[in-house]
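1. what would the 3D arrangement of this be:
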Amino acid sequence: MLDPQEISDRLEIAEVLTRYCTAIDSKDFDLLDDVFTEDSTIDYSSSVPGVLGSLAEMKAWLSDVLGEFTMTQHLVSNISYEIQGDRAMTRTMFFYPMKWQDDTGKLQTFFVGGYYEDELIKTVNGWRIRLRVEQQRWSTGPRPASLVKG
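-> The predicted structure follows:
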């Protein structure tokens, strides 16, 4: 049975995960400052092209790689929680369709699925992700040339 503090922590962590999706889909990358700690490490190396780096590096990379997409919709679900005091580990499934315009002007849709493995800490400003490892498990559909392995 969950105690009131764990219920509160779960709700707050779920809000952080949702805030991430909002930041990505609105392309408001400064909102990620309210998702990650300043010293966070973010590992998107399972993406194509993938990177591993700091929050500042990820904000620049996301701005660049998502710039080609006219629409993205990041959806998260099935959150598994391990909370111990002011530290938490989560595993969250993700699915995101993304639209982009090809050279002929036709809209194409690219889909990606997988999960995020996060380490979070409770800060004076609430829960924040200190370590994120994205595990892409599948993708389908045409993608922009910049996202094709070469």
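2. for the lengthiest strand in the chain, buried residues please.
-> Scanning the chain for the longest strand, with DSSP state E as the assignment, gives strand 107-123. Within strand 107-123, the residues that count as buried by 16 or more other CB atoms under 10 Å are 108, 110, 112, 114-116, 118-120, 122. From N, CA and C alone the C-beta is placed, and that goes for glycine too.
3. one more: stretch 44-61?
-> Within stretch 44-61, the residues scored as buried using 16+ other CB under 10 Å are 44, 47-48, 53, 55, 58-59, 61.
4. before we move on, back to that, identify, from the buried residues of strand 107-123, the entry nearest to Ser8.
-> Lys122 (10.6 Å; CB to CB).
5. report the contact partners of the closest one.
-> 9, 85-88 (CB atoms under 8 Å, 6 or more residues apart in numbering).
6. who does it bridge with?
-> Counting by DSSP bridges, Lys122 is bridged to Trp127.
7. gap between it and Asn78?
-> 22 Å (CB to CB, to the nearest Å).
8. how far off centre is stretch 56-64?
-> 12 Å (CA atoms, centre = their mean, to the nearest Å).
9. got the CA coordinates for it in PDB?
-> The C-alpha coordinates for stretch 56-64 follow below in PDB (Å, rounded to 0.1, in the frame of the first residue of the first chain):
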ATOM      1  CA  ALA A  56      23.000  22.600 -22.600                       C
ATOM      2  CA  GLU A  57      24.300  20.300 -25.200                       C
ATOM      3  CA  MET A  58      21.000  18.500 -25.400                       C
ATOM      4  CA  LYS A  59      19.000  21.700 -25.700                       C
ATOM      5  CA  ALA A  60      21.100  22.700 -28.800                       C
ATOM      6  CA  TRP A  61      20.900  19.200 -30.300                       C
ATOM      7  CA  LEU A  62      17.200  18.900 -29.800                       C
ATOM      8  CA  SER A  63      16.600  22.300 -31.400                       C
ATOM      9  CA  ASP A  64      18.700  21.200 -34.400                       C
END
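10. so which residue is dead centre in this structure?
-> Most central in the chain under CA atoms, centre = their mean is Tyr20, positioned 5.8 Å from the mean C-alpha point.
11. for the lengthiest helix in the chain, packing partners?
-> Secondary structure of the chain per DSSP state H: the longest helix is helix 4-26. On a contact count with 3 or more CB pairs under 8 Å, 6 or more residues apart in numbering; DSSP states H and E, helix 4-26 meets strand 75-84, strand 87-101, strand 107-123, strand 126-140.
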